[in-house]
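Asker: Provide a 3D model corresponding to the input given below.
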Amino acid sequence: MKRRNFLQLGIAAGIGILTEKITTPFLDEVESAIERTTGLPTGNASIQIKKKAACANRDDIDDCVQHFTYSTDEKVMIIGIAPIIEELYFRVLLSVLVSLHDKREKPLNDVVYGTGGIGLNRQEVAIGATSSLVFAAVHNITENGIDTKTIPAASIFLGMAYWYLQRKLGFLANYTAHLSLNINATKLLFSSRVAT
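Answerer: Numbering: from 1, shown residues only. Model prediction:
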């Protein structure tokens, strides 16, 4: 690997982590405002329902949910497996297809190192928005189907942010942003604003 490529990957990873650190407090405020305005919950419905079900027989349900801890298997899934699968499916595959469609010289390099630049073309915006909506819907799948009462605002926004990072900086940027969010989420006592 060329020194320049190694440096580029390091910068991408750093920007991915920084993205998570900047967006999390902002999204917490946005989701709180949405909850106050609509009266509906926000976040990841599948995780919220799981936490509430685990605490259903407790007298202190709210305290139990707020202090919910993940099992080791759940942490492995949330930190080790989910970000890789989700980034491959929702961003990497689509990024390769966009680069192939655009007849770019090295589509796999676009995935690894990004396309550079700042803006996205219309096609990239449309694909990123669609992918982000599907990404958010997947996070609201419960045993009873898709939860339409929970607004997955963070998942939508983060899906677009991860898509942008993928297209511009490459896989390591969006992967480290997603991984950093999930690591942070499993360390927190409780956050309704989790997008694995």
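
Asker: Show me what the worst-scoring helix or strand of the chain on mean pLDDT packs onto, helices and strands only.
Answerer: Least confident element among the helices and strands of the chain, by mean pLDDT, DSSP states H and E: helix 61-66 (a mean of 78). Helix 61-66 sits against helix 45-54, with contacts defined as 3 or more Cβ pairs under 8 Å, 6 or more residues apart in numbering; DSSP states H and E. Quick note: C-beta positions are derived from backbone N, CA and C, even for glycine.

Asker: Determine how far the helix it packs on lies from the middle of the whole chain.
Answerer: Distance of helix 45-54 from the chain centroid (Cα atoms, centre = their mean, to the nearest Å) equals 18 Å.

Asker: any idea of the mean pLDDT for that helix?
Answerer: For helix 45-54, mean pLDDT rounds to 82.

Asker: picking that back up, show me which residues of the least confident helix or strand of the chain are buried.
Answerer: Going by neighbour count (16 or more other Cβ atoms under 10 Å), the buried part of helix 61-66 is Cys64, Val65.

Asker: Make 35 the starting number, not 1.
Answerer: Understood, numbering begins at 35; the last thing we discussed is helix 95-100.

Asker: after it comes which helix or strand?
Answerer: Downstream of helix 95-100, the first helix or strand assigned by DSSP states H and E is helix 106-109.

Asker: Now Thr176: closest residue in space, sequence neighbours ignored.
Answerer: Ile83 (5.0 Å; Cβ to Cβ, 6 or more residues apart in numbering).

Asker: Report the contact partners of that neighbour.
Answerer: Contacts for Ile83 (Cβ atoms under 8 Å, 6 or more residues apart in numbering) come out as Thr176, Glu177, Asp181.

Asker: okay, those in CSV with neighbour count, secondary structure and distance to Leu41 next?
Answerer: Formatted as CSV, these follow (neighbours: other Cβ atoms under 10 Å; DSSP: H, G, I helix; E, B strand; the rest coil; distance: Cβ to Cβ, whole Å):
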residue, neighbour count, secondary structure, distance to Leu41
Thr176, 15, strand, 43
Glu177, 8, coil, 46
Asp181, 19, coil, 43
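
Asker: sorry, back to before: tell me how far the residue nearest to Thr176 lies from Tyr123.
Answerer: 23 Å (Cβ to Cβ, to the nearest Å).

Asker: got it, and Asn174?
Answerer: 16 Å.

Asker: what do you get for Tyr198?
Answerer: Counting by Cβ to Cβ - Tyr198 and Tyr123 are separated by 17 Å.

Asker: What segments of the protein are strands?
Answerer: 175-176, 179-180 (DSSP state E).

Asker: Take the ones you listed and lay them out in CSV including mean pLDDT.
Answerer: Formatted as CSV, the strands of the chain follow (pLDDT from 0 to 100):
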stretch, mean pLDDT
strand 175-176, 92
strand 179-180, 92
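
Asker: so which of the ones you listed comes closest to Leu167?
Answerer: strand 179-180 (11.8 Å; Cβ to Cβ).
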